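Asker: no sequence for this one, just the structure:
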């Protein structure tokens, strides 16, 4: 999903139903987004659940 602020997508369960999970750096009020930047509430027949996960960075580990 090539939208600003979106870090990833996945599949999850909410209230016993499969949903599409969209992971964002920070939730932004819809009123502050352009129409083309909003995440749809339903996508390909699945409800969409947006999760605020913060900034994603790689972790360098020495073995």
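Answerer: Thanks, I have it. Here the structure is a predicted model, which is why all the values come from computation and not from measurement. Numbering: from 1, shown residues only.

Asker: who's in contact with residue 36?
Answerer: Residues in contact with residue 36 (CB atoms under 8 Å, 6 or more residues apart in numbering): none are found. To be clear about C-beta, it is placed using only N, CA and C from the backbone, and glycine gets the same treatment.

Asker: tell me the phi and psi of it?
Answerer: Backbone torsions for residue 36, taken as degrees, to the nearest 10, come to phi -80, psi -10.

Asker: Could you check how far it is from residue 12?
Answerer: Distance from residue 36 to residue 12, counting by CB to CB, to the nearest Å: 25 Å.

Asker: Show me the shaky parts of the chain.
Answerer: 1, 63 (pLDDT under 70).

Asker: residue boundaries of the strands in it?
Answerer: 6-14, 17-24, 42-43, 46-52 (DSSP state E).

Asker: Let me know which of those is the nearest to residue 61.
Answerer: strand 6-14 (20.5 Å; CB to CB).

Asker: Report the spatially closest residue to the residue positioned nearest the centre of the chain, excluding sequence-adjacent ones.
Answerer: Among the residues of the chain, the one closest to the centroid is residue 22, at 2.0 Å (CA atoms, centre = their mean). Of all residues not flanking residue 22 in the chain, residue 50 sits nearest, at 5.0 Å (CB to CB, 6 or more residues apart in numbering).

Asker: who touches the one you found in this structure?
Answerer: 21, 22, 23, 24, 27, 39.

Asker: Nearest to residue 8 among those residues?
Answerer: Distance to residue 8, by CB to CB, is smallest for residue 23 among the contacts of residue 50, at 4.5 Å.

Asker: Tell me the bridge partners for that closest one.
Answerer: In this structure, residue 23 bridges to residue 8, residue 51 when assessed by DSSP bridges.

Asker: surely it meets residue 11?
Answerer: No: in this structure, residue 23 is not within contact of residue 11 by CB atoms under 8 Å, at 11.9 Å.

Asker: In terms of neighbours, single out the busier of these two.
Answerer: Per other CB atoms under 10 Å, whichever of residue 23 and residue 11 has more neighbours is residue 23, with 18 against 9.
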